[in-house]
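[1] what's the 3D shape of this:
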Amino acid sequence: MVSHLAGMESARRKFLESLLSTASPSGYETAGQRVWIDYVSEFADEVRTDDYGNAIAVHNGSGDGPEIAFSGHADEIGFIIRDIDDNGFLRISRIGGSDRTISQGQHVTVHADEPRQGVIGQTAIHLREVGSEEYSDISEQFVDIGAADADEAEQLVEVGDPITFSTELFELHGNRLSARGMDNRVGTWSAAEGLRHAVENDVSATIYAVSTVQEELGIKGAQMVGFDLNPDAAIAVDVTHATDNPDVKAKHKGPVELGAGPVISRGSANHPNVVELARKAASKADVDVQLQATGTRTGTDADGFYTSRGGIPSLNIGIPNRYMHTPVEVIDTEDLEGVATLLGAIAEEAGAVESFATEF
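    Now for the predicted structure:
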């Protein structure tokens, strides 16, 4: 477990560590949401949840400013037990966009009534036809929990139990951290920190911090919250691809680099007036930002918010992330601190906004 996070104040550091060490696969987010709720309850005016587990914390504005939602999604990718075969091996299916090319040979945790450790089996190189291998589909892979047969396995786990990789949070050189599930506990951390800033500065806008569920299954939580909350604007904080590692092909290269600051998206769901607010706030707070084009969709909760109700002006702010949807995602804490500062600055600037509507 990491011992420090680039000077990050201890309570905020502990919060981030707790989020990243608590499994929260899509559809099974309760444990992770408890961590988030416990933290924001220390300073929010109100905290509530809906029937599917979306969590909302509120700062009641001190003036007549707009209502702004800062959102991150609580869920992570993983697997689920589809079947238990006669020999006690667990057949699995995906939860979200799990990558079949990196799953075999990994330690996993089966989140049964009592957590069970297992491995996703990989035949030894000595017993394979080397040079002619193909990656097995997730549906063809299996988890070995050490059970001798189906009867023994069924005493330990059952169909429908979720599974996550058993990786920890590790400190790399400088400000770099590696863990599974950066996508997107760093976003829910940022939303909470943006709310904390709003509370400490008693901003005139009403600020909602939102930790949504089931983003990895198709932005389901954001669709629920957007309809129910109906804020004047929504800012979805999620990871985005840092493309500065050497194995990214030229056609996928973009301007996003690890450690170069939060990423403000332009295009598709990203409302120009919310983009302008974010860029103005970044300038006033002296936060370096990067720009990213999203001509079709953002692939984040922003896509769920902006089509809710009659349309909620929305923005996706990205946290650069290497190796997304693997057990070794890497972020830079300077980017993370930058996003938290930016959200706080947006909360302060938003009080002067009368409307986010497009003018003609």
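[2] Who are the contact partners of the residue nearest the centre of the chain?
    In the chain, the C-alpha nearest the mean C-alpha coordinate belongs to residue 184, at 1.1 Å (Cα atoms, centre = their mean). Contact partners of residue 184, counting by Cβ atoms under 8 Å, 6 or more residues apart in numbering, are 72, 73, 74, 75, 76, 215, 237, 238, 239. For glycine as for every other residue, the C-beta is placed from the backbone atoms N, C-alpha and C.
[3] What about those, which are in strands?
    The strands, defined by DSSP state E, take in 72, 73, 237, 238, 239 from these.
[4] ok, so what distance separates residue 259 from residue 266?
    Using Cβ to Cβ, to the nearest Å, we find residue 259 at a distance of 21 Å from residue 266.
[5] just residue 314 next, same as before
    For residue 314, the distance to residue 266 (Cβ to Cβ) stands at 12 Å.
[6] Give me the more crowded residue out of those two.
    Legend: neighbour count by other Cβ atoms under 10 Å for residue 314 and residue 266, higher for residue 314 (31 against 15).
[7] pLDDT score for the residue nearest to the more buried one when sequence neighbours are not counted?
    In this structure, residue 314 finds its nearest non-sequential neighbour in residue 306, 3.9 Å apart by Cβ to Cβ, 6 or more residues apart in numbering. According to the prediction, residue 306 has pLDDT 96.
[8] ditto for residue 266
    Note for residue 266: predicted pLDDT of 97.
[9] on that earlier part again, widest-spaced pair of the contacts of residue 184?
    Pairwise distances across those (Cβ to Cβ) peak at 15.4 Å, for the pair 76 and 237.
[10] sec struct for residue 348, please.
    helix (DSSP: H, G, I helix; E, B strand; the rest coil).
[11] And it, how far from residue 238?
    Residue 348 is 23 Å from residue 238, by Cβ to Cβ.
[12] Looking at the contacts of residue 184, spot the one nearest residue 355.
    In terms of Cβ to Cβ, no member of those lies closer to residue 355 than residue 237, at 23.1 Å.
[13] Distance of the closest one relative to residue 230?
    Taking Cβ to Cβ, one finds residue 237 at 20 Å from residue 230.
[14] who's more crowded, these two?
    When residue 237 and residue 230 are compared on other Cβ under 10 Å, the one with more neighbours turns out to be residue 237, at 32 against 15.
[15] Look up the closest residue to that one, ignoring the ones flanking it.
    Once flanking residues are discounted, residue 237 sits nearest to residue 187: 4.1 Å by Cβ to Cβ, 6+ apart.
[16] Which neighbouring residues are in contact with the one you found, exactly?
    Contacts of residue 187 by Cβ under 8 Å, 6+ apart are 71, 72, 73, 236, 237, 238, 239, 319.
[17] you'd agree it is in a helix?
    Yes. Counting by three-state DSSP, residue 187 is found in a helix.
[18] Roughly how far does it sit from residue 101?
    25 Å.
[19] Please consider this matter closed, and thank you.
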